[in-house]
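Q: Here's a sequence, model it:
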Amino acid sequence: MRILGRIPHPVFQIVAYELERHYYLEIEAGPMKQCFKLPKDRFAGLEGLSQLFDPEFETGLVQRFEAMYAELERLLKR
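A: Numbering: from 1, shown residues only. Next up, the predicted model:
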């Protein structure tokens, strides 16, 4: 796995990695991280991956991060 590059974003830290047959997207927000393994033949490099970040995808990311953070809070309050 090698770093393909970073995708600039005002809210998230996004790093794209390249594997033999896949891209691996790592998206961070605070203490949480979401990862996606995507087939290389469906995306044209870093440019193609950056096009994933439309409002619909970002809304889903925010919802999952909020759920993850709520779960972390519940765990830490035990």
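Q: Contacts made by the helix or strand hosting Lys37 with the rest, please.
A: Assigned by DSSP states H and E, Lys37 belongs to strand 32-39. Defining contact as CB atoms under 8 Å, 6 or more residues apart in numbering, one finds that strand 32-39 is touched by 19, 21-27, 49, 61, 64-65, 68-69, 72. Every residue, glycine included, has its C-beta placed from N, CA and C.
Q: any idea how far stretch 25-33 is from the chain center?
A: 6 Å (CA atoms, centre = their mean, to the nearest Å).
Q: can you give me the end-to-end distance of that stretch?
A: 10 Å (CA to CA, to the nearest Å).
Q: and the residue nearest to Arg2 when sequence neighbours are not counted, how many neighbours?
A: Spatial nearest neighbour of Arg2, chain neighbours left out: Glu18 (5.4 Å); criterion: CB to CB, 6 or more residues apart in numbering. By other CB atoms under 10 Å, 16 other residues sit near Glu18.
Q: Glu18 bridge partners, please.
A: Beta bridges link Glu18 to Arg2, Tyr23 when assigned by DSSP bridges.
Q: mind checking the longest helix of this structure?
A: helix 55-76 (DSSP state H).
Q: how much does that helix deviate in direction from strand 32-39?
A: Relative orientation of helix 55-76 versus strand 32-39 (axes from the mean of the first three to the mean of the last three CA atoms, to 10 degrees): 130 degrees.
Q: Secondary structure class of Val11, three-state.
A: Three-state call for Val11 (DSSP: H, G, I helix; E, B strand; the rest coil): coil.
Q: can you pull the contacts of it?
A: Taking CB under 8 Å, 6+ apart as the criterion, Val11 is in contact with Ala29, Glu58, Val62.
Q: Kindly provide the distance from the residue nearest the centre of the chain to Val62.
A: Centroid-nearest residue in the chain: Ile27, 2.8 Å away (criterion: CA atoms, centre = their mean). With the distance defined as CB to CB, to the nearest Å, Ile27 ends up 11 Å from Val62.
Q: Please tell me how far Glu20 sits from Arg2.
A: For Glu20, the distance to Arg2 - CB to CB - is 10 Å.
Q: I should have written Leu61 there, sorry.
A: Distance from Leu61 to Arg2, by CB to CB: 24 Å.
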